[in-house]
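In: A predicted structure for the sequence below; I have some questions about it.
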Amino acid sequence: MIKLTDEEFESAIVDALDSIPDEFLDELENVAIVVADEPEEEDFNGDGYFTESGDLLGLYDGLALTERDMGYGTGDYPDTITIFKGPHERLDGSRAYVLEEVRKTVIHEIAHYFGLDEDQVDEMGYA
């Protein structure tokens, strides 16, 4: 098990965001990226990014860009991408592997924001 400080984990998320081309980052609107130690029970009811053992690594909660209409965002709470620290720390592998999985999780959830489904995300190598 790899233990990361909160600062290391948050830095890995920032690094993941920095790896995304600006033309995609510029389109992120009304979306918050947050960190949680562990998923809540209700988080398992939605579409998330799971490990083979069933741990939830990340979750997109919102309405994808492809499903929004012109009135979306007026008074709406932001969509949320949650990246879970504990499940990442429990991954088998090196520190570099865990940090790479954080990057993949962030990109995976941002892909859902843009309207990509699990098959499309998998084809991109982020599932």
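Out: Looks like it came in fine.
In: now do the helices in the chain.
Out: Assigned by DSSP state H, the helices in the chain fall at 6-18, 22-25, 85-89, 95-113, 118-123.
In: chain center to the second one: distance?
Out: It refers to helix 22-25. With CA atoms, centre = their mean, to the nearest Å as the basis, helix 22-25 stands 16 Å off its chain's centre.
In: how about that helix as CSV, C-alpha atoms only?
Out: Output of helix 22-25 as CSV, limited to C-alpha atoms (Å, rounded to 0.1, in the frame of the first residue of the first chain):
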residue,chain,number,x,y,z
ASP,A,22,-5.5,23.7,-23.1
GLU,A,23,-8.3,23.4,-25.7
PHE,A,24,-10.0,20.9,-23.5
LEU,A,25,-9.3,22.6,-20.2
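In: which residues are contacting it?
Out: For helix 22-25, contacts defined as CB atoms under 8 Å, 6 or more residues apart in numbering pick out Leu17, Ile110, Phe114. Glycine gets a C-beta too; all of them are placed from N, C-alpha and C.
In: which one of the residues you listed has the most neighbours?
Out: Neighbour counts for these peak at Ile110, which has 24 neighbours (criterion: other CB atoms under 10 Å).
In: flag the shaky bits of this structure, pLDDT-wise.
Out: 46-47, 49, 73-76, 126-127 (pLDDT under 70).
In: Leu28: how many residues sit nearby?
Out: The tally of other residues near Leu28 (other CB under 10 Å) stands at 17.
In: thought it was touching Ile110?
Out: Yes - the criterion here is CB atoms under 8 Å, and Leu28 meets it with Ile110 at 7.2 Å.
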